[in-house]
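**Q** What would the 3D arrangement of this be:
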Amino acid sequence: MSLFLRDYLTIVWFGLAAVLLAGLLLGLAAVVRPSKPNKDKLMAYESGVDPVGHGWSQSQVRYYVFALLFVIFDVEAVFIFPWATSVERYGWFGVVTMLIFIVLLLDGLVYAWKRGLLRWV
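**A** Model (predicted):
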C-alpha cells in the first residue's frame, strides 16, 4: 500500500472510531437515563409560554427580508475591511472597484427603503 493511501486509511480509521464512540455513548445514555413521561413533559414548550390555540400560524415575511438585508450588509463589511487595510497596494483601480461595489449596495439599500422593507412594524 502506498504512503498516500495509508494517510487516507488513517483518516478512515479515525472516522470509524468517532462514529463508534458516538454510537456507544448515545446508546449508553439511552440505557442509563431515567424515563418518566407525563402530560406536562410531553406538552410543547415555546420560550416559557404555554401554547395557546393550534400550532400553525402565519409569519410575517418582512422579518425574514429584514434579516436577509442585515446579512447582506454585514457580509459587505467583510469585503470592505480587507480592502481598507491594503488600499495602497490596489491603487486607483481598487478605489474605483470598491466605489462601484458600494454604489451597488447603496442602490439595493435605496430600493429596499423605497419598498418599505426597512420598517420594523
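**Q** Only C-alpha atoms from now on, for both contacts and neighbour counts.
**A** OK.
**Q** which outside residues touch whichever strand or helix holds Ala67?
**A** Assigning secondary structure by DSSP states H and E places Ala67 in helix 61-85. Identification of contacts with helix 61-85 by Cα atoms under 8 Å, 6 or more residues apart in numbering yields Met98, Leu105, Leu117, Leu118, Trp120.
**Q** okay, the angle between the next helix or strand along the chain from that helix and helix 61-85?
**A** Proceeding N to C from helix 61-85, the next assigned helix or strand is helix 87-114, under DSSP H and E. If you take axes from the mean of the first three to the mean of the last three Cα atoms, to 10 degrees, helix 87-114 sits at 160 degrees to helix 61-85.
**Q** Give me the average confidence score over helix 87-114.
**A** Averaged across helix 87-114, pLDDT comes to 89.
**Q** how about it: buried residues?
**A** Gly94, Met98, Leu109, Ala112 (16 or more other Cα atoms under 10 Å).
**Q** same check, this time on stretch 59-71
**A** Neighbour counts over stretch 59-71 (16+ other Cα under 10 Å) mark Phe66, Leu69 as buried.
**Q** how about that stretch as CSV, C-alpha atoms only?
**A** Presented in CSV, the C-alpha positions along stretch 59-71 are these (Å, rounded to 0.1, in the frame of the first residue of the first chain):
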residue,chain,number,x,y,z
SER,A,59,-45.4,34.6,10.0
GLN,A,60,-44.6,38.0,8.5
VAL,A,61,-42.2,37.7,5.6
ARG,A,62,-40.8,41.2,6.3
TYR,A,63,-38.9,39.9,9.3
TYR,A,64,-37.1,37.4,7.1
VAL,A,65,-36.4,40.1,4.5
PHE,A,66,-35.1,42.3,7.2
ALA,A,67,-32.7,39.6,8.4
LEU,A,68,-31.5,38.9,4.9
LEU,A,69,-30.8,42.6,4.4
PHE,A,70,-28.8,42.6,7.6
VAL,A,71,-26.8,39.6,6.5
